[in-house]
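Engineer: Turn this into a model:
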Amino acid sequence: MTVPADPAVHVIGAGPAGLMAAETLATAGARVVVHDRMPSVGRKFLMAGRGGLNLTHSEDQAAFLARYGDTGPAVAAWLDAFSPDDLIAWAHGLDQPTFVGSSGRVFPRAMKASPLLRAWLGRLAGLGVEIRARSRWIGWRGQALVFDTPDGERTEHPSATILALGGASWPRLGSDGAWASLLESEGVDVAPLVPANAGFDVAWSDVLTDRFAGAALKPVTLTFDGQSVRGEVLLTRYGIEGGTVYALSAGLRDAIAAEGAATVTLDLRPDLSEATLAERLARPRGKDSMTNHLRKAGGLSPAAIAVLREIGDVPAGFEKLARRIKAVRLKLTGIQGLDRAISTAGGVLLEGLDPSLMLTARPGVFVAGEMLDWEAPTGGYLLQASLASGVVAARGAMQWRAGHGPDKRPE
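Structural biologist: You can find the predicted model right below:
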């Protein structure tokens, strides 16, 4: 088969990392073809932005990188290529102005993902990027990529390949993790894909689930293994979820895997000291029931009172009661599965990549986004690192093309 004189770079996966890689490549002058197995692109991106698209975060670099745990040093190199400031400027370039919320999170003023995605796809079309929907990558045949398409099997001979197939969360939106076995067959080390930013199981009583499933506890502070996060905890029929829970999910998941359960401490009144709370609770309650007294003097919501009662009788004595309110112990017995997780941990081990995110086991193939073995809590950290890794992989692919293009092939 004759290989085109200037074969395209093929990007597999049309989520944020893949689309950013495509834009970076096309801006640098490459011909780019993007494949996605779904009928339309960016489905998970649109779902993530349904309640308000969180682009990035405004906190300082040291705190920002700490969100990535042990992979912080690797992510730091990605952010050098595409920083939070670069992301904000990029959004503004798509006529999507941003603002910083009270939590420090950065959002587009439109809040939704759909206006940004429409503008982005328009830019990519203007750059000549070809997007092929319903084109599922099924592996290699020699150096050629093989795709299953509505018109049958199709092979492509890329000048470089970028894999941005996502993890395995929300598989109905397109990221099913099927790529793992394809890469492992090529000698690529892949850590098992596990839920990240997911809810956890608590054995609630029927009374709590019937009355308070869907209620939010806020503000509260959740603590596990010496790490405390203040924010909101959402009560669900299966247990708890929400941004505060997600911030601790990596450690909780690992503890449950190792020990079968994990115990967190919930401070229902983080804005009051234990002494001040005890003083308020000591006020005469007159004819008020204990529930009304907890609501009026303790400032607890009905949902918070229900959680307090879940772990036993309300203690006698205001000091003990204040201590209980400030340290409700909840036993978590499991984590929700990949179909309910916001993201995944695991994936292609960073040790199997060079600094440009090229697979050492498969030269000319680069990996970006959630396929890589890193994780971060919600709050802008996921999208920021995914986009930045797409930039790094695209630049690496351009360098590879420069050294391994058609004119560099042996006669």
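Engineer: need the strands for the stretch 301-411 of the chain, in chain order.
Structural biologist: Remark: strands assigned in the stretch 301-411 of the chain by DSSP state E, counting those that start in this stretch are 328-332, 334-335, 343-348, 365-367.
Engineer: just those: most buried one?
Structural biologist: strand 365-367 (a mean of 28; mean count of other Cβ atoms under 10 Å). (Each C-beta comes from the backbone N, C-alpha and C, glycine too.)
Engineer: Can you name every helix or strand that it contacts?
Structural biologist: Of the remaining helices and strands, those touching strand 365-367 by 3 or more Cβ pairs under 8 Å, 6 or more residues apart in numbering; DSSP states H and E are strand 160-163, helix 381-404.
Engineer: Need the mean per-residue confidence for that strand.
Structural biologist: Strand 365-367 shows a mean pLDDT of 98.
Engineer: Could you do stretch 58-73 as well?
Structural biologist: 95.
Engineer: Start and end of it, how far apart?
Structural biologist: Taking Cα to Cα, to the nearest Å, the first and last residues of stretch 58-73 lie 19 Å apart.
Engineer: repeat for stretch 161-176
Structural biologist: Note: stretch 161-176 ends 20 Å apart using Cα to Cα.
Engineer: just stretch 358-368 next, same as before
Structural biologist: In stretch 358-368, first residue to last residue: 9 Å (Cα to Cα).
Engineer: what do you get for stretch 307-316?
Structural biologist: 17 Å.
Engineer: ditto for stretch 221-237
Structural biologist: First residue to last in stretch 221-237 (Cα to Cα) measures 21 Å.
Engineer: which of the residues in that stretch are buried?
Structural biologist: 221-222, 224, 229, 231, 233-236 (16 or more other Cβ atoms under 10 Å).
Engineer: which of the residues in stretch 32-46 are buried?
Structural biologist: 32-38, 41-46.
Engineer: Now tell me what touches that stretch from outside.
Structural biologist: Applying Cβ atoms under 8 Å, 6 or more residues apart in numbering, the contact partners of stretch 32-46 are 8-16, 18-19, 22, 25-26, 113-114, 117, 121, 124, 127-137, 147, 156, 166, 170, 173-175.
Engineer: switch to 7 Å and redo it
Structural biologist: 8-16, 18-19, 22, 25-26, 113-114, 117, 129-137, 147, 166, 170, 173-175 (Cβ atoms under 7 Å, 6 or more residues apart in numbering).
Engineer: Enumerate every residue touching Arg105.
Structural biologist: Applying Cβ under 7 Å, 6+ apart, the residues contacting Arg105 are 54, 57, 379-380.
Engineer: quick one, domains of the chain?
Structural biologist: What the record gives for the chain is the domain set 9-195+344-408, 200-335, from automatic domain parsing.
Engineer: Give me the buried subset of the contacts of stretch 32-46.
Structural biologist: Using 16+ other Cβ under 10 Å as the burial test, those include 8-16, 18-19, 22, 25-26, 113, 117, 129, 131-132, 135, 137, 147, 166, 170, 173-175 as buried.
Engineer: min pLDDT across the buried residues of stretch 32-46, which one?
Structural biologist: Of all the buried residues of stretch 32-46, Lys44 carries the smallest pLDDT score, 86.
Engineer: how far is the helix or strand that that residue is a member of from where the chain is centred?
Structural biologist: Using DSSP states H and E, Lys44 sits in helix 43-48. Distance, stretch centre to chain centre, for helix 43-48: 11 Å (Cα atoms, centre = their mean, to the nearest Å).
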